[in-house]
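Visitor: One predicted model, sequence on top.
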Amino acid sequence: MTFRDPFPQLKTRLKGYQMNPVTQQLISHRSIRKYTGKVVPDGLIDEIVRCGQSAATSSNVQATTVIRVRDAQTRREIARLAGDQEYVTTAGAFLMFCADLNRSRRACEMGGGRFVAGMTEQFIIATVDVALFAQNCAVAAESLGLGICYIGGIRNDPEQVCRLLALPDQVYPVFGFCLGYPAQDPEVKPRLPLSVVLKEERYRDLKDPEGIAAYDEQIRNYYQTRTGGTKDSCWTMEMKALVGKESRPHMRKFLKSRGFTMR
Ligand SMILES: Cc1cc2nc3c(=O)[nH]c(=O)nc-3n(C[C@H](O)[C@H](O)[C@H](O)COP(=O)(O)O)c2cc1C
C-alpha cells in the first residue's frame, strides 16, 4: 500500500518528524468491503490470529475465541442475519470474534475453584480483550497486504449466530471480521480533529462544537466524493441516527441468556 498522509495536520506539533512504517500503516487504515475471490491461506490466518493473541489481556484472562467460518451456507446465513452484508460471503476469510468466559470457568474448576458467573467486571474484561485481540489481527492483516472489515451487524440477531456456531453458555459473539485481498482502494475516512479527542489535564469540551462543525464539513465532502454526490450526510446526522434512538435493545436480554447477568 502506498502511503498517502491523510492527516497532514499531525506534523504541526512534530516538526521534522517522519512517521515510521507502522504509524503510516495505522493511519492509512480503511475498511475494505470488496474482495477478490482469493481465499486467505491457513498459514496467514494462523499468523494473524497469533498476532491477535499477543495483544495485552486483562489479568492474562485471554478471553477471546476466534471461529473461522468456511462453510458457504453458514456464511450466507450470517451475511443475511447481519443485514445482507454481502462481503461476509465474498471475503477471503471470515472470522467470528467471541468473548469467552467458558474457558476461564473450566480453568477455574480445573484449578479446584468454583466459577462465579455474571459479574459486570468480567463482562467488561472479556469484551475489551476481544477488541484488543481483533485490532491486533486487523493491523497484522493490513501489514500483510490484506483488507479487513469488522461486522457488528451480527448483533442484529446474536441468538441465531450462537445457534449457527454452537456457542456455549458464557460465550457471546462480539463481532464478525472479514479479511481478504482488496478489490477496491477507497480513500481513508477522515477522523475528528485531534483537539476534540485529545485533552490536556482534564475534560474540557467547550470548544468541541467548533471542531465537530469543521469535521461535519470535511466528512460531508468525503461522502460526496466517495459516492459521486449521492450520499449527503455528515457526522452529526450519523450520530443523530445512531444515539438518537434505541440501539439493538435485545442485547441486554440476550447477554443475560448467555450467563452475562451483569451483577
Ligand atoms: C466493532 C465494529 C463493528 C463494525 N460493524 C460494521 C458492519 O457491520 N458493517 C460494515 O460495513 N462496517 C462495520 N464497521 C466498520 C465501520 O463502519 C468503520 O470502521 C468506520 O466507518 C470507519 O471507517 P474506516 O474503517 O474505513 O476508517 C464496524 C467497525 C467496528 C469497529
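Guide: Perfect, thanks for sending it.

Visitor: any idea which helix or strand carries residue 236?
Guide: Secondary structure assignment for residue 236, by DSSP states H and E: helix 235-243.

Visitor: How about residues contacting the helix or strand just after that helix?
Guide: Counting by DSSP H and E, the next helix or strand C-terminal to helix 235-243 is helix 251-257. Applying Cβ atoms under 8 Å, 6 or more residues apart in numbering, the contact partners of helix 251-257 are 123, 155, 158-159, 172, 262. C-beta: built from backbone N, CA, C; applies to glycine.

Visitor: Out of those residues, flag the one nearest to the ligand.
Guide: residue 155 (8.6 Å; Cβ to the nearest ligand atom).

Visitor: Assign residue 179 to helix, strand or coil.
Guide: strand (DSSP: H, G, I helix; E, B strand; the rest coil).

Visitor: do residue 99 as well
Guide: When classified by three-state DSSP, residue 99 comes out as strand.

Visitor: isn't it right next to residue 128, touching?
Guide: No. At 9.0 Å, residue 99 does not count as touching residue 128 under the criterion of Cβ atoms under 8 Å.

Visitor: for the stretch 1-150 of the chain, which spans come out with low pLDDT?
Guide: Scanning the stretch 1-150 of the chain for pLDDT under 70 picks out 1-12.

Visitor: Show me what from it comes close to the ligand.
Guide: With Cβ under 6 Å from any ligand atom as the criterion, the stretch 1-150 of the chain comes near the ligand at residues 29-31, 33, 82, 85, 149-150.

Visitor: Adding distance to residue 14 and neighbour count, write the residues you listed out as TSV.
Guide: Output for those, formatted as TSV (distance: Cβ to Cβ, whole Å; neighbours: other Cβ atoms under 10 Å):
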residue	distance to residue 14	neighbour count
29	20	17
30	23	18
31	27	13
33	32	17
82	40	21
85	38	21
149	30	20
150	29	17
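
Visitor: Any chance of a markdown table for these, columns secondary structure?
Guide: Below are those laid out as a markdown table (three-state DSSP):
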| residue | secondary structure |
| --- | --- |
| 29 | coil |
| 30 | coil |
| 31 | coil |
| 33 | coil |
| 82 | coil |
| 85 | coil |
| 149 | strand |
| 150 | strand |
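
Visitor: Residue of the stretch 101-250 of the chain closest to the ligand, please.
Guide: Closest point on the stretch 101-250 of the chain to the ligand, by Cβ to the nearest ligand atom, is residue 152, at 3.0 Å.

Visitor: tell me which element the residue nearest to that residue when sequence neighbours are not counted falls in.
Guide: Beyond its immediate neighbours in the sequence, the residue positioned closest to residue 152 (Cβ to Cβ, 6 or more residues apart in numbering) is residue 175, lying 4.9 Å away. Element membership of residue 175 [criterion: DSSP H and E] is strand 171-180.

Visitor: okay but residue 164 is in contact with residue 76, surely?
Guide: No. Judged on Cβ under 8 Å, residue 164 makes no contact with residue 76 at a distance of 10.7 Å.

Visitor: Looking at these two now, which is surrounded by more residues?
Guide: More crowded of residue 164 and residue 76, by other Cβ atoms under 10 Å: residue 164, with 21 against 13.

Visitor: Which helix or which strand is home to that one?
Guide: Counting by DSSP H and E, residue 164 is part of helix 158-165.

Visitor: what's that helix in contact with?
Guide: Contacts of helix 158-165 (Cβ under 8 Å, 6+ apart): 67, 69, 74, 77-78, 81, 96, 98, 154, 167, 171-173, 250-251, 254, 257-258.

Visitor: likewise stretch 49-60?
Guide: Residues from elsewhere that reach stretch 49-60, judged by Cβ under 8 Å, 6+ apart: 62-64, 66, 95, 125, 128-129, 132-137, 139-140.

Visitor: in the next helix or strand after the strand holding residue 175, what's buried?
Guide: For strand 171-180, the following helix or strand on the C-terminal side (DSSP H and E) is helix 194-197. Applying a neighbour-count criterion of 16 or more other Cβ atoms under 10 Å, the buried positions in helix 194-197 are residue 196.

Visitor: Next: stretch 144-154.
Guide: Buried, per 16+ other Cβ under 10 Å, within stretch 144-154: 146-151, 153-154.
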